[in-house]
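Peer 1: model this:
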Amino acid sequence: MTLQDYLNRTLKHWKIVTISVIVCAVLGVAACFLVPKVYEANGKLLISQDNMSIMGEASPLEDMMLSSLGKSDPITTQMEILKTRPILMEVIDTLQLRDKAGVLLAPDKFGAIFKISNIRSTNLIDIRCRYHNADSAALIVNTLAQVFVDKNQQMNQEMIKTAKDFIGDQLVGQKMKVEDAEQKLTGFKEKSKTMSLDKEAEVNIEAFSSLNLEFVKVQSELVAAHNQQKAYKAKLVAIHSESEPLYQVWVASTEQLGNVIVGLTAKQDALKEQLEIQKRALRGMPSTEAQLVGLLREQKISNEIFTNLLSKFEEYKVQEVAKIGSAKVIEPAISPLKPVIPKKKVLILLSLALGLSIGLSLAFGIEYLRGLPHSVEEIKKALGYSVLGVIPYQESIKKSFFTRDNPSSIQSEAIRLIQTSIKFRIQERDERGAVILITSTQPGEGKSTIAANLAYSYSSSKKTLLMGVKYLLVISQRM
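Peer 2: You can find the predicted model right below:
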């Protein structure tokens, strides 16, 4: 079948197609007003990584803790915290959100109305909420954001307080060590009658102290690197398959840490050698000076540790008063003006497409069930006879004498072609005359019209007798 055939079948049943489209369109429009409206509100949170660490700049101790636990994406962590049961429950209790039965919403059901995502390449978290009321949707987003900010601030305050109390306890002990070192140094000076060292000894002490502090720092970094490498290797063992997306990432990270460990180990060995050199230089001093060097070194290290602890303690005091948090609302949600469900344009277009599909299906289904031929080729195949001609259908030729009234029409030309085809058939049989029977499968298919017009065409050259025609045509009655 050609495209024209499909078009003809569609036009033949245009009423069915039109009714189907109209009905579905009406249903689509009705759905736009009957489907419950759903509104979507959204707000944005800023997660500041500068405040993620309670120590400000990450300390070796924090590095070791993070390495032993395995590093994670802080933004993803905050997004997961947003979805936790305690935060959702606090929002439900604050807003007294209840279901149709009057029972407070379950956290799992309540969490399903949220979509929380990270805005790409930023520290922003986008919170979206879909609810049947526009004002309520905005209120829920803002309440969730505020509860999260408050919880975040509370957690930071607890961590700061814990760290401040710990350092406060350490300060007490370290202060006693400083006082003890100073008393020992003062007592030794009074006993040995030695008040100070020469310039060379002071330089050696300063160099030894600096090297010792650098050695302790490198040791901390080396321990952190080893712990982090162990965490990566554990993740590689847990993955079990090289096809996993993160497998190559962990492999590359493990190799990179291996290079870092090699570098830190070499640096540690070099510092050890330098420390040994400084120790030998200090041992070469007289006994009295050697003891004084040792006491001065102990006093200096104790003072530096005490100074660092005191500095951190003061920082925590400031942070505790300032109530610093790592989360901040930068874009509160506002009440949306238009619902996201139903989408009227999409719904109406889909209903029109559905109506057209149903109408076309019905039209072609009717044609299929009727089992009628739709082309000359189908008739030839079904009957096994040759076709003398085809008369194009036109509504105006019904019950009309078109071969006389409009001899130049396509239909009149078709009648003359059929006459010619019949003439050749009669000549092949060598007959002087012939009886031509015109029939059809059922009444109303145009037998009388075709017979009358064919007889008129024959009458111009031969005597023609028209028999058995229903006198429905006025012109047939005249004949």
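
Peer 1: could you use CA atoms for every contact and neighbour count after this?
Peer 2: Fine.

Peer 1: surely residue 351 meets residue 32?
Peer 2: No: at 10.9 Å, residue 351 does not count as touching residue 32 under the criterion of Cα atoms under 8 Å.

Peer 1: so between the two, which is more surrounded?
Peer 2: Under the criterion of other Cα atoms under 10 Å, the comparison of residue 351 against residue 32 puts residue 351 first, with 22 against 18.

Peer 1: list the contacts of that one.
Peer 2: 21, 24-25, 27-28 (Cα atoms under 8 Å, 6 or more residues apart in numbering).

Peer 1: one more pass at 7 Å, please.
Peer 2: If you count contacts by Cα atoms under 7 Å, 6 or more residues apart in numbering, residue 351 has them with 24-25, 28.

Peer 1: tell me if residue 130 really is in a strand.
Peer 2: Yes: using DSSP: H, G, I helix; E, B strand; the rest coil, the assignment for residue 130 is a strand.

Peer 1: can you offset everything so residue one is 74?
Peer 2: Sounds good: first residue 74 from here, last item residue 203.

Peer 1: do you know how far it is from residue 189?
Peer 2: 12 Å (Cα to Cα, to the nearest Å).

Peer 1: the two: which has the busier surroundings?
Peer 2: Between residue 203 and residue 189, residue 203 has the larger neighbour count (other Cα under 10 Å), namely 23 against 18.

Peer 1: count the residues that sit near residue 413.
Peer 2: For residue 413, the neighbour count with other Cα under 10 Å is 15.

Peer 1: for it, grab phi and psi.
Peer 2: Residue 413 adopts backbone torsions of phi -90, psi -20, taken as degrees, to the nearest 10.

Peer 1: for residue 466, same thing?
Peer 2: phi -80, psi 140.

Peer 1: do residue 188 as well
Peer 2: Dihedral angles (degrees, to the nearest 10) for residue 188: phi -130, psi 110.

Peer 1: and residue 514, by the same measure?
Peer 2: phi -80, psi -20.

Peer 1: likewise residue 114?
Peer 2: The phi/psi pair for residue 114 (degrees, to the nearest 10) is phi -110, psi 150.

Peer 1: which residues does it form beta bridges with?
Peer 2: residue 202 (DSSP bridges).

Peer 1: what's near enough to touch it?
Peer 2: Shown in contact with residue 114 (Cα under 7 Å, 6+ apart): 201-203, 210-211, 406-409.

Peer 1: filter these down to the buried ones, ChimeraX style.
Peer 2: Only the buried members of the contacts of residue 114 end up in this ChimeraX selection, burial being decided by 16 or more other Cα atoms under 10 Å:
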select :201,202,203,210,211,406,407,408,409
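
Peer 1: quick check, nearest of the contacts of residue 114 to residue 516?
Peer 2: For these, the closest approach to residue 516 (Cα to Cα) belongs to residue 203, at 64.6 Å.

Peer 1: run a quick neighbour tally on the closest residue to that closest one other than its chain neighbours.
Peer 2: Counting by Cα to Cα, 6 or more residues apart in numbering, residue 113 is the residue found nearest to residue 203 once chain neighbours are left out, at 4.4 Å. Each residue near residue 113 was counted by other Cα under 10 Å, and the total is 27.

Peer 1: quick one: contacts for residue 113?
Peer 2: By Cα under 7 Å, 6+ apart, residue 113 lies in contact with 201-204, 210, 409, 412-413.

Peer 1: in a markdown table: the contacts of residue 114, plus distance to residue 439 and pLDDT.
Peer 2: Output for these, formatted as a markdown table (distance: Cα to Cα, whole Å; pLDDT from 0 to 100):
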| residue | distance to residue 439 | pLDDT |
| --- | --- | --- |
| 201 | 50 | 94 |
| 202 | 49 | 94 |
| 203 | 45 | 93 |
| 210 | 50 | 93 |
| 211 | 53 | 94 |
| 406 | 55 | 93 |
| 407 | 54 | 94 |
| 408 | 52 | 92 |
| 409 | 48 | 92 |
